[in-house]
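> Next input, structure requested:
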Amino acid sequence: MQAFSFKSIFFPLLAIWMAANAAMSSVAINPSAVKMYAYVACSDQRIYIVDIAENKVVQTSGVFNDMGTPTAIDLDRRQKILYVASDRGHWQEKYRPIIAIDVSESPIKITRAFDLIIKSSENPFGDIGAVYSLVVSPDGGSLYAMYGRKEYEKGTTVIDARSGQITGHLKFYIVKDTLFSPDGKTVANMWSHGSRVGNGSVDKAGREWSASVVVYDIDQNKEVSRTRIQNNRIMLQPPWGEIEGPYVAWAGTNIFNLYNRTNGSLISSVDLKKLTDLSVASRFPTVIDGGNKMAIPMSENGHNGFIVIVDLVKAVIISKVEVGQNPTNVVLCDLIPTEKMK
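Presented below is the predicted three-dimensional model:
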């Protein structure tokens, strides 16, 4: 059955929402204590694993034919399962919008694959809809997805991570930079509205910072609080605890800004296009080293893909490693698949 493509409607809506919420806070990962590897999926239907200390690809998977054109990935660190969301690939007749890959052993392999087929009176056989964003719940039991179906176009679709069944729909968005409370029942979306020079000052410390923190209850499926932060009066933090390090904000196209969470001062502004002559492939960076650095997927002319490590404080490129075309967001993990002992 030819799958229904919802790109023409869904992507414009997604773009509008992303633009309004483009600079959400990232969860910092500090790789200094342990060796870290960067995982990314590419349109050649392969998974690339990069040693970010050695600046090289250390493993490349075989081709996963059930994978479409990957759009997002996330990792269940407890179960060592990498989830890959996909859209239909070019000339691809069949694909699975979500696949689960066991990355604990080499070669890595698919353990589950979900069709997410929805049947209706108009189409009793059902259509396969693409998934454009994917987040694993802290306990690994649920997947939060942006599902390209008309009936699910606003908010977040909740999927059982074991069965692949759709279990609910949230009125709000859970995306890569959404923060979870320790019990996983509450989430916070936060974003900067940017900074401007206040009181005629041109000094960075004189900039006024405007931002928002919106908190949602997952079980009740509703917003529970909204805080608008102005004039650098309070820090940009979730209500359940403080995040260490500065705040990374996507500022549009290929620019990322780094802010002091306490006073809102602009630490640096990094134009990745100027530094690399590449284009950002995902608006959601993976923040590392307490927020001073980030890993970001980038593309050359919309094709050749790279994982780029950026020092945001110094505004310099630390490394650039070539992977496959059209890379997804980057997931960092201290695990590399190892060969199974015989």
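> Kindly check the end-to-end length of stretch 241-248 for me.
18 Å (Cα to Cα, to the nearest Å).
> in that stretch, what counts as buried?
Ile243, Gly245, Pro246, Tyr247, Val248 (16 or more other Cβ atoms under 10 Å). To be clear about C-beta, it is placed using only N, CA and C from the backbone, and glycine gets the same treatment.
> remind me which residues of the stretch 51-200 of the chain are low pLDDT?
118-127, 150-151, 192-200 (pLDDT under 70).
> ugh, wrong one, I meant the stretch 201-342 of the chain
201-209, 230-235, 339-342.
> Recalculate using a threshold of 90.
Applying pLDDT under 90 to the stretch 201-342 of the chain flags the ranges 201-213, 226-239, 241-253, 257-267, 283, 288-291, 301-303, 333-342.
> Going along the chain, name the strands of it.
207-217, 222-229, 247-250, 255-259, 266-271, 279-280, 286-288, 293-300, 304-311, 316-322, 331-333, 338-339 (DSSP state E, counting those that start in this stretch).
> Only the buried residues of stretch 325-333, if you could.
Those would be Asn326, Pro327, Thr328, Asn329, Val330, Val331, Leu332, Cys333, for stretch 325-333 by 16+ other Cβ under 10 Å.
> And those residues, which is closest to Gly291?
Leu332 (13.7 Å; Cβ to Cβ).
> Contact partners for that closest one?
Residues in contact with Leu332 (Cβ atoms under 8 Å, 6 or more residues apart in numbering) are Ile29, Pro31, Met36, Tyr37, Ala38, Tyr39, Ile52, Thr286, Ile288, Ala295.
> Among those residues, name the ones in strands.
Using DSSP state E, the members of the contacts of Leu332 that fall within strands are Tyr37, Ala38, Tyr39, Thr286, Ile288, Ala295.
> Need these in CSV (columns: distance to Trp191).
Putting these into CSV (distance: Cβ to Cβ, whole Å) gives the following:
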residue, distance to Trp191
Tyr37, 29
Ala38, 25
Tyr39, 26
Thr286, 17
Ile288, 20
Ala295, 20
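> Could you identify the most distant pair in these?
Every pair of the ones in strands among the contacts of Leu332 checked by Cβ to Cβ; the farthest is Tyr39 and Ile288, at 13.8 Å.
> higher neighbour count, these two?
The residue with more neighbours, out of Tyr39 and Ile288, is Tyr39; 28 against 25, by other Cβ atoms under 10 Å.
> Give me the nearest residue to the more buried one, chain neighbours excluded.
Computed as Cβ to Cβ, 6 or more residues apart in numbering, the closest residue to Tyr39 that is not its neighbour in sequence is Val331, at 4.6 Å.
> Tell me how far the one you found lies from Asp74.
6 Å (Cβ to Cβ, to the nearest Å).
> do Trp91 as well
Distance from Trp91 to Asp74, by Cβ to Cβ: 27 Å.
> So for these two, which sits in the more crowded spot?
Ranked by neighbour count (other Cβ under 10 Å), Trp91 and Asp74 place Asp74 first, with 23 against 5.
> Compute the number of surrounding residues for Ser104.
Ser104 has 13 nearby residues by other Cβ under 10 Å.
> should've said Pro238
19.
> Enumerate every residue touching Ser319.
Ile52, Asn55, Val308, Ile309.
> need these in TSV with neighbour count and distance to Gln79, can you?
Compiled in TSV, the contacts of Ser319 are given as follows (neighbours: other Cβ atoms under 10 Å; distance: Cβ to Cβ, whole Å):
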residue	neighbour count	distance to Gln79
Ile52	21	23
Asn55	13	29
Val308	22	29
Ile309	23	27
